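A.B. asks: my questions are about this predicted structure, shown below with the sequence.
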Amino acid sequence: MKNKFIIAAVETVVFHLLCLYLGYKLFLDPGEARTFFDESRIWIFAIVYGAGTMLLGLHIYVNMVKPIIKAQSELEKAAEESKKAESIRKEFVANVSHELKTPLTSISGFIETLQQGAAEDPEIRTRFIDIIAIETSRLKRLIQDLLVLSDIENRKESADVRAFDIKEAIVKTVQTLEPIAASKDVKLLTDLETQATIFGSPDRFRQMMVNLIENAVKYSDTGGSVWIRTKKEGNRIQVSVRDEGIGIAEEHLDRLFERFYRVDKSRAAKAGGTGLGLSIVKHIAALFNAELKVESKVGEGTIFYVTFER
Ligand code: ADP
């Protein structure tokens, strides 16, 4: 930009010197015979000076003023984005503190009551210790999810990025989740394309599938079914997880992938959710450059689609 200023200054000086020379030639040169203020000469000078000034102004506008206006609007945009990022960060810290505080308050309350004598009664003692165990595992899950999120955000790519078979990864994930589904009498059914290879971290892919399938089981009624399908579409492959559970009302769908967003807070808390599962899914889908979509109807069920480029 500094160079452009110097060039513009030199151009302006040169232009005015040329005009002075032209003016001298037209009006003052003693070698030229003229009647003073010869009309055609005035017109020539006025046209040359006017056109030159316009061209110079246009040149300075295009090369200097326009870039300055653009840079200014980019700066304003960056400042706005940084303000937005700061407010998201503040909100996140507040949410994390709240999420940590709730189980901790409950744990310390029950411990205090036990210390004050409730431990004498074996029945109350067992009940309170069970509650403390539930709250502790909630804290553990929350911290695990926070670590996964921060790992994805900080390291973007995990070390084990390679081509892998989606079918194999899904089959393994379903096997590990079978006991959780069985405990709720939910069937995990698969319909998988043979040979569907994508590129990325298989661990991250499995993490995403775990979150989607666990949710499908969690928000299904006892005895329900969950379908995990893969479908090739040209050079894309679509993975879907469908349940026939409680479903999600339309007004929640836009915010579903936000951190700590829960449709029904009390139900999600009862189901042991951290509110981070789908935000982890969104981050992992972004790592794979995959498209993430959800369709749902209250009382009928939900389908999550993740579509990968192959
Ligand atoms: P949580 O840990 O609370 O399940 P998630 O981020 O995984 O958090 O999900 C966010 C919210 O989306 C949940 O609280 C739940 O209300 C809703 N949700 C997610 N998956 C499903 C599903 N398959 N069926 C119905 N609701 C769901």
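C.D. replies: In hand now; what should we look at?

A.B. asks: what helices and strands are in contact with the helix or strand Lys90 falls within?
C.D. replies: Lys90 is part of helix 66-115 when elements are defined by DSSP states H and E. Here helix 66-115 touches helix 122-155, going by 3 or more CB pairs under 8 Å, 6 or more residues apart in numbering; DSSP states H and E. The C-beta positions use only the backbone N, C-alpha and C, and glycine is treated the same way.

A.B. asks: what parts of the stretch 201-310 of the chain come near the ligand?
C.D. replies: Among all residues of the stretch 201-310 of the chain, those adjacent to the ligand (criterion: CB under 6 Å from any ligand atom) are 215-216, 219, 243, 245-246, 248, 256, 261-264, 268, 273-279, 302.

A.B. asks: and with 5 Å instead?
C.D. replies: If contacts are counted using CB under 5 Å from any ligand atom, the residues of the stretch 201-310 of the chain sitting beside the ligand are 215-216, 219, 245, 248, 262-263, 268, 273-275, 277-278, 302.

A.B. asks: need those residues in JSON lines with pLDDT and neighbour count, can you?
C.D. replies: What follows is those, written out as JSON lines (pLDDT from 0 to 100; neighbours: other CB atoms under 10 Å):
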{"residue": "Asn215", "pLDDT": "95", "neighbour count": "22"}
{"residue": "Ala216", "pLDDT": "97", "neighbour count": "27"}
{"residue": "Tyr219", "pLDDT": "93", "neighbour count": "23"}
{"residue": "Gly245", "pLDDT": "94", "neighbour count": "22"}
{"residue": "Ile248", "pLDDT": "95", "neighbour count": "19"}
{"residue": "Arg262", "pLDDT": "88", "neighbour count": "18"}
{"residue": "Val263", "pLDDT": "87", "neighbour count": "18"}
{"residue": "Ala268", "pLDDT": "66", "neighbour count": "18"}
{"residue": "Gly273", "pLDDT": "81", "neighbour count": "22"}
{"residue": "Thr274", "pLDDT": "88", "neighbour count": "21"}
{"residue": "Gly275", "pLDDT": "90", "neighbour count": "18"}
{"residue": "Gly277", "pLDDT": "94", "neighbour count": "22"}
{"residue": "Leu278", "pLDDT": "96", "neighbour count": "22"}
{"residue": "Thr302", "pLDDT": "97", "neighbour count": "24"}
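
A.B. asks: what comes into contact with stretch 288-299?
C.D. replies: Stretch 288-299 has contacts (CB atoms under 8 Å, 6 or more residues apart in numbering) with 198, 200, 204-205, 246-250, 253, 256-257, 281-282, 285, 302-309.

A.B. asks: list the contacts of Phe260.
C.D. replies: For Phe260, the contacting residues are 95, 99, 275-276, 279, by CB under 8 Å, 6+ apart.

A.B. asks: pick out the most distant pair among those residues.
C.D. replies: Greatest spacing in the contacts of Phe260, by CB to CB: Glu99 and Ser279 (12.8 Å).

A.B. asks: for stretch 96-113, buried residues please.
C.D. replies: For stretch 96-113, the buried set under the neighbour-count rule, 16 or more other CB atoms under 10 Å, comprises 96, 99, 103, 106-107, 110.

A.B. asks: so which of these also contact the ligand?
C.D. replies: Counting by CB under 5 Å from any ligand atom, the subset of the buried residues of stretch 96-113 that neighbours the ligand is empty.

A.B. asks: from the residues you listed, which is closest to Ile152?
C.D. replies: Using CB to CB, Val96 is the member of the buried residues of stretch 96-113 that sits closest to Ile152, with 15.9 Å.

A.B. asks: now do the contacts for the closest one.
C.D. replies: With contact taken as CB under 8 Å, 6+ apart, Val96 is in contact with Leu146.

A.B. asks: ok, now Gly52?
C.D. replies: Applying CB under 8 Å, 6+ apart, one finds that Gly52 lies in contact with 15, 18-19.

A.B. asks: and the residue most central in space within the chain, what does it touch?
C.D. replies: The centroid of the chain falls nearest to His283 when counting by CA atoms, centre = their mean (6.9 Å). When the contact criterion is CB under 8 Å, 6+ apart, the partners of His283 are 149, 152-153.

A.B. asks: now the residues you listed: which count as buried?
C.D. replies: For the contacts of His283, buried by 16+ other CB under 10 Å: 149, 152.
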